[in-house]
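Undergrad: Fold the following and give me the result.
(2 chains)
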Amino acid sequence: MSVRLPEPLQRLTTDPDAPLRQGAYRSALRDERVAAILGAALGVLFSICFVTGLYSHIQQNPVSWLPIRPRPAGLYRFTQGLHVAAGIASVPVLLAKLWVVWPRFVSFPVARRLSGLVERIGLFPLVAGGIFMTFSGVANVAQWYPWRFSFTASHYWMAWVTMGSIVAHAGAKWAIARRTLARPSRRPALADADPELGTSAEAEKGAGGGLTRRGLLTTVAAASGVLTLTTIGQTVRPLRRLGLLAPRDPATGPQGRPVNRGAVNAGVVDLAQSPSYRLEVTGRVARPLALDMKDLRAMPAHDTVLPIACVEGWSFSAPWSGVRIRDLLAMAGAEPDRTILIESLEPRGAYRTSTLNPDQAADRDTLLALDLDGETLALDHGYPCRLIAPNRPGVLQTKWVNRVVVL
Amino acid sequence: MSDAPRPAGPRFWITAAAGWALIGWGVYGIVSNSLDTRPADLARFVVGGALLHDLLVAPLAIVAGVLVARAVPTPARAPVQAALAVSAIVALFAWPLVRAYGLAAGNPTSLPHNYGRNLLVVLGVVWAVAGGAVILRLKRAG
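TA: Residues are numbered from 1 along each chain as shown, chains lettered A, B, ... in the order given. Okay, the predicted model is just below:
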């Protein structure tokens, strides 16, 4: 295929190495070493997102061969905070990497051998996947859904596409990246090797006066740093005051705590406050129970401090008090080692139920909480009672619970 | 994608096979969960995002770089380039918050800050640092 392009563009696009040759673009920044460093950083950040994302996925879609342990209690808070933080930090790195290599996307010929063709085709899922993952993640954290697909399903499946592209790309670039990264970062001054050449080259550099390669990498690090510092306060409490661009504030909300879905939006305001409210314990039990608030308050209360860790990366830790699930199960004479289904008063919604595996259900800190911070649970936090269990995403800490079913 | 000078070795083909297997698994997942993933809508965003970046964002960034290189005098050039890049990225990130696209009615804890003001504060700090760097460079130059 022959395409006629304007002369400078023609020259640019017929020599795939031109952009990476100093001076060709009047920018020494489009350099192999810069591309390799940014690529390695992106590889690390995206791998962190992938692994923590898989963990979040099996939290929400349990698999029998890898049951979620209830301990350490703050594990999910850590992994999901890291997932969102690494994703946000990768935004400047991705944009810089694409800026550095962009001229290569429009270079011709497309490839000179089969391996080159395979590598080039793989750039599409790599670039499109990287952009999609960061864009959809950032939009989701801002609770902005300009699309019709399900965020969780699409973000999850596109992660495989993106990670696959990264594996192929890393393999293709391994040798060249290792070679450039192994090179000492400070090349000997040109003036030492050839005074005349060195003087002219350095004089030219002075005339340019724009960002150096180190300056570009510092800029990227600064941008990632600014984004991290102004958002991480939504989960790292001591940095709360710096959270200028954090979508949530861990100290704003009913009882001084944020929520993702309030009672009004869940459609439970009347049901939750009805005097006919009963907590049922049913399923494979010897004695089905129907407990009203007085019965629940009469049971032994347990205190614990556990985090609510939202999939969107914000979290807070708080003192809860309530009834142990294992006490309820014992009282009802439940069959041992069963999965437990927790149901909400919510009439509909993807998160109106959640399950506890046997380990989670037996944990001493797995409660139906009645109190938060020593006060009766606010309606928005799940009054009359909510599930609170260690190492668990916030969306699975089911609120407005009215049924505990032994499966 | 300047092809390697030597033919690709086993590492290339093994990682390519593994990588494309993962890509295939992802595509299979998207297609077989089409009620959730809505492949046509998803494709619009995946392809559209890449095109938007490659044909609009990247060329704009390159043009901005050229303009700054021409318009800004030497001692200020690098700090201005850096501050512009950081500002653009931070503003891009903050835009959905500033415009409150995701504001949930009936949830007072959603988007609790004044993000427009906060964005200006962050950009103010960025440009103050850049200004400091310019002054430092002027002093050093003489």
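Undergrad: Ignoring the adjacent residues along the chain, who's closest to the one residue in chain A that gets nearest to chain B?
TA: Closest approach between chain A and chain B, counting by C-beta to the nearest C-beta: A:Gly171, at 2.3 Å. For the C-beta atoms, the positions are set from N, CA and C on the backbone; glycine is no exception. Distances taken as C-beta to C-beta, 6 or more residues apart in numbering or on different chains place B:Thr15 nearest to A:Gly171, at 2.3 Å, with adjacent residues excluded.
Undergrad: How about B:Ala133?
TA: Spatial nearest neighbour of B:Ala133, chain neighbours left out: B:Pro79 (4.1 Å); criterion: C-beta to C-beta, 6+ apart.
Undergrad: Would you check how far apart that neighbour and A:Asn140 are?
TA: Using C-beta to C-beta, to the nearest Å, one gets 34 Å for the distance from B:Pro79 to A:Asn140.
Undergrad: Distance from the chain centre to the helix or strand where B:Pro75 lies, please.
TA: Using DSSP states H and E, B:Pro75 maps to helix B:74-98. On the basis of C-alpha atoms, centre = their mean, to the nearest Å, helix B:74-98 sits 11 Å off its chain's mean C-alpha point.
Undergrad: List the buried residues in the following helix or strand past that helix.
TA: Using DSSP H and E, the helix or strand that directly follows helix B:74-98 along the chain is helix B:115-141. Of all the residues in helix B:115-141, those buried under the rule 16 or more other C-beta atoms under 10 Å in any protein chain shown are B:115, B:118-119, B:122-123, B:126-127, B:130, B:133-134, B:137.
Undergrad: average model confidence for helix B:115-141?
TA: For helix B:115-141, mean pLDDT is 96.
Undergrad: Not including adjacent chain positions, what is the nearest residue to A:Thr353?
TA: Beyond its immediate neighbours in the sequence, the residue positioned closest to A:Thr353 (C-beta to C-beta, 6+ apart) is A:Glu343, lying 5.0 Å away.
Undergrad: Point out the other helices and strands that the helix holding B:Pro75 packs with.
TA: helix A:75-105, helix A:114-141, helix A:195-208, helix A:213-229, helix B:58-71, helix B:115-141 (3 or more C-beta pairs under 8 Å, 6 or more residues apart in numbering or on different chains; DSSP states H and E).
Undergrad: Let's have these in TSV, adding distance to A:Trp400.
TA: Converted to TSV, the helices and strands packed on helix B:74-98 look like this (distance: least, C-beta to C-beta, whole Å):
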stretch	distance to A:Trp400
helix A:75-105	22
helix A:114-141	24
helix A:195-208	63
helix A:213-229	35
helix B:58-71	48
helix B:115-141	31
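Undergrad: Which of those comes out lowest on mean pLDDT?
TA: Out of the helices and strands packed on helix B:74-98, the stretch the model trusts least by mean pLDDT is helix A:195-208, with a mean of 44.
Undergrad: Kindly report the domain assignment for chain B.
TA: B:10-71, B:73-142 (automatic domain parsing).
Undergrad: still on that earlier bit, measure the residue nearest to A:Gly171 to A:Leu117 for me?
TA: In terms of C-beta to C-beta, B:Thr15 sits 16 Å off from A:Leu117.
Undergrad: what about the two, which has more around it?
TA: Between B:Thr15 and A:Leu117, counting by other C-beta atoms under 10 Å in any protein chain shown, B:Thr15 is the more crowded of the two (21 against 15).
Undergrad: you'd agree the more buried one is in a helix?
TA: Yes - assigned with DSSP: H, G, I helix; E, B strand; the rest coil, B:Thr15 falls within a helix.
Undergrad: Test my guess that it contacts A:Ala168.
TA: Yes - B:Thr15 is within contact range of A:Ala168, at 5.5 Å (criterion: C-beta atoms under 8 Å).
Undergrad: okay, now the spatially closest residue to A:Lys97 that is not a sequence neighbour: neighbour count?
TA: Once flanking residues are discounted, A:Lys97 sits nearest to A:Leu38: 4.1 Å by C-beta to C-beta, 6+ apart. Neighbour count of A:Leu38, defined by other C-beta under 10 Å: 23.
Undergrad: Three-state assignment for A:Leu38, please.
TA: Recorded secondary structure, A:Leu38: helix (three-state DSSP).
Undergrad: Next up, the contacts around it.
TA: A:93, A:96-97, A:100, A:217, A:220 (C-beta atoms under 8 Å, 6 or more residues apart in numbering or on different chains).
Undergrad: The closest residue to chain A within chain B and B:Gly9, how far apart?
TA: For chain B and chain A, the shortest gap (C-beta to the nearest C-beta) falls at B:Thr15, measuring 2.3 Å. Going from B:Thr15 to B:Gly9 by C-beta to C-beta gives 11 Å.
Undergrad: Residue 29: neighbour count?
TA: No chain in the question, so chain A it is. Other residues near A:Leu29 come to 20 when the count uses other C-beta under 10 Å.
Undergrad: You answered for a different chain; I wanted chain B.
TA: 19.
Undergrad: quick one: what helix or strand has it in it?
TA: For B:Gly29, the host element (DSSP H and E) is helix B:10-32.
Undergrad: returning to what we had before: specify the local secondary structure of the residue of chain A closest to chain B.
TA: Assignment for A:Gly171 (three-state DSSP): helix.
Undergrad: in the stretch 151-300 of chain A, which spans are strands?
TA: A:279-283, A:289-291 (DSSP state E, counting those that start in this stretch).
Undergrad: Mean neighbour count, those strands: which tops it?
TA: Greatest average neighbour count among these goes to strand A:279-283 (a mean of 19), per mean count of other C-beta atoms under 10 Å in any protein chain shown.
Undergrad: what sits up against that strand?
TA: So strand A:279-283 is contacted by A:288-292, A:296, A:328-329, A:331-332, A:334, A:338, A:341, A:368, A:384-385, A:401-407 (C-beta under 8 Å, 6+ apart).
Undergrad: Just the buried ones among the residues you listed, please.
TA: Buried members of these, scored by 16+ other C-beta under 10 Å, are A:289, A:291, A:296, A:328-329, A:331-332, A:334, A:338, A:341, A:368, A:384-385, A:401-406.
Undergrad: Give me the spatial nearest neighbour of A:Ser90, chain neighbours excluded.
TA: Spatially, and ignoring its direct neighbours in sequence, A:Ser90 is nearest to A:Leu45 (4.1 Å; C-beta to C-beta, 6+ apart).
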